[in-house]
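**Student:** I'd like to go over a predicted model; first the sequence, then the structure.
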Amino acid sequence: MTALHQASGHPGSRILAFGASRGDLIVTNDDIAGPINSSDEWIRQRTGIVERRRASEAMDTVDLAEDASKQAIAAAGIDPKQIGAVLVSTVSNSVQTPSLAALLTERIGASPAPAYDISAACAGYTYGIAQADSFIRSGLAEYVLVVGAEKLSQYAKPTDRTISFLLGDGAGAAILGPSDEPGVATTIWGSDGSRWDAVGMDSTLAAYRDGAGAVDWPTLRQDGQAVFRWAVWEMAKVAQHAIDAAGITSDDLAAFIPHQANIRIIDELAKQLKLPEHVLIARDIVTTGNTSAASIPLAAHALLAEHPEASGGLALQIGFGAGLVFGSQVVRLP
């Protein structure tokens, strides 16, 4: 029997560089408090958000992704033609199909690289990192672009008190390349479809199409208490599993970069994990808001800008959200 040829890969992969793009509008709590009968103080206490970045009407999700991707490519010092795959995590592409990733690949000059979107909401970036790592180690690609990109403001209902005041717009990009040793540890990921309706849209596109004006444009909503309990108690276990799977302890971490869902969730996760004082905790949500799939790379980019001493250190990242889905891994920062 003739043996099939299989490409040989690399011992490991690592993140080489980040890029970041935030919406061009700054939206304060006072700007959005009125329709939800709330206040700046209530929003700050409940979420930690002081202001969020949102994109103007002329700026689309792919524009944010393009900006962040070009920054990451330049910082990594590679030619776009060297990119072997483009993975974009998003739930806010302007069309159902084709993928945002395919258009992004053309815009950044990476064609004909394979490109596809990942629909895993706030866990999508960690899903992309897991896949990029496997591609490089297997020889399927030399360099991989992973992007989290969202324009969630188009799905924010001004009167919604469950999630809309959290939402921001932005894109974070990472270039992964080969490494002589693992720079991405084992990913702990999964889903819980029994909680499928805890976070999501308040109606379907078909209902909007057929409702003759009786049904509004679908927007995001959540069962806040259910999501909070799940995120704090279940995700702490997942994060600890990721630390254990990496063969390290929390003392070895330089940073903790969770999905920027809510400052109370971030702080409670850090408490549950008993992180040492030296571990930097990303709190980009304060000025950016919750950007779903974009939040981890945006937070990582901001953390490194503020704390360059963390460069080369180990970071625990975890994403969790609609699905419900989750993903966590320890990575070496660029």
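**Tutor:** Right, received. Where do you want to start?

**Student:** Need the three-state assignment for the closest residue to Gly193 other than its chain neighbours.
**Tutor:** Leaving aside its sequence neighbours, Gly193 sits nearest to Gly323 (C-beta to C-beta, 6 or more residues apart in numbering; 7.1 Å). Bear in mind the C-beta positions are built from the backbone N, C-alpha and C, glycine included. Secondary structure for Gly323, judged by DSSP: H, G, I helix; E, B strand; the rest coil, is coil.

**Student:** residue contacts, Gly323?
**Tutor:** Each residue near Gly323 by C-beta atoms under 8 Å, 6 or more residues apart in numbering is listed here: Ala120, Ala121, Ala123, Ser191, Asp192, Gly193, Arg195, Trp196, Val199.

**Student:** which residue is nearest the middle of the chain?
**Tutor:** For the chain, Ala293 is the residue whose C-alpha lies nearest the centre (C-alpha atoms, centre = their mean; 2.8 Å).

**Student:** List the contacts of that one.
**Tutor:** Ala293 neighbours (C-beta under 8 Å, 6+ apart): 89-91, 118, 120-125, 148-150, 319.

**Student:** Shouldn't Phe256 be within a strand?
**Tutor:** Yes. Assessed by three-state DSSP, Phe256 belongs to a strand.

**Student:** pretty sure Tyr125 is touching Leu298, no?
**Tutor:** No. Taking contacts as C-beta atoms under 8 Å, Tyr125 lies outside contact range of Leu298: 9.5 Å.

**Student:** Pull up the overlap in contacts between the two.
**Tutor:** Gly148, Gly172.

**Student:** helices and strands of the chain: which one bottoms out on pLDDT?
**Tutor:** Ranked by mean pLDDT, DSSP states H and E, the weakest helix or strand in the chain is helix 205-210, scoring a mean of 86.

**Student:** Could I get the full set of helices for this structure?
**Tutor:** With helices called from DSSP state H, the chain shows them at 29-33, 40-47, 61-76, 100-107, 124-138, 205-210, 224-229, 235-245, 263-273, 285-288, 295-306.

**Student:** now the ones you listed in a markdown table, with distance to Gln6 and mean neighbour count?
**Tutor:** Listed next are those as a markdown table, based on distance: least, C-beta to C-beta, whole Å; neighbours: other C-beta atoms under 10 Å:
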| stretch | distance to Gln6 | mean neighbour count |
| --- | --- | --- |
| helix 29-33 | 53 | 16 |
| helix 40-47 | 48 | 16 |
| helix 61-76 | 27 | 23 |
| helix 100-107 | 25 | 21 |
| helix 124-138 | 8 | 24 |
| helix 205-210 | 42 | 12 |
| helix 224-229 | 42 | 15 |
| helix 235-245 | 26 | 19 |
| helix 263-273 | 39 | 18 |
| helix 285-288 | 42 | 20 |
| helix 295-306 | 31 | 24 |
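
**Student:** Lowest average pLDDT across those?
**Tutor:** Averaged per stretch, pLDDT over the helices of the chain is lowest on helix 205-210, reaching a mean of 86.

**Student:** Using PDB, list the CA coordinates for it.
**Tutor:** Only the C-alpha atoms of helix 205-210 are listed here, as PDB (Å, rounded to 0.1, in the frame of the first residue of the first chain):
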ATOM      1  CA  LEU A 205     -34.200  37.300  11.700                       C
ATOM      2  CA  ALA A 206     -37.100  35.400  10.300                       C
ATOM      3  CA  ALA A 207     -39.400  36.900  12.900                       C
ATOM      4  CA  TYR A 208     -38.100  40.400  12.000                       C
ATOM      5  CA  ARG A 209     -38.600  39.700   8.300                       C
ATOM      6  CA  ASP A 210     -42.100  38.300   8.600                       C
END
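
**Student:** so how far is that helix off the chain centroid?
**Tutor:** 29 Å (C-alpha atoms, centre = their mean, to the nearest Å).

**Student:** Not counting that helix itself, show me its contacts.
**Tutor:** By C-beta under 8 Å, 6+ apart, the list of residues contacting helix 205-210 reads Val215, Asp216, Trp217, Pro218.

**Student:** What separation do you get for the third one and Glu106?
**Tutor:** In this structure, Trp217 and Glu106 are 29 Å apart, going by C-beta to C-beta, to the nearest Å.
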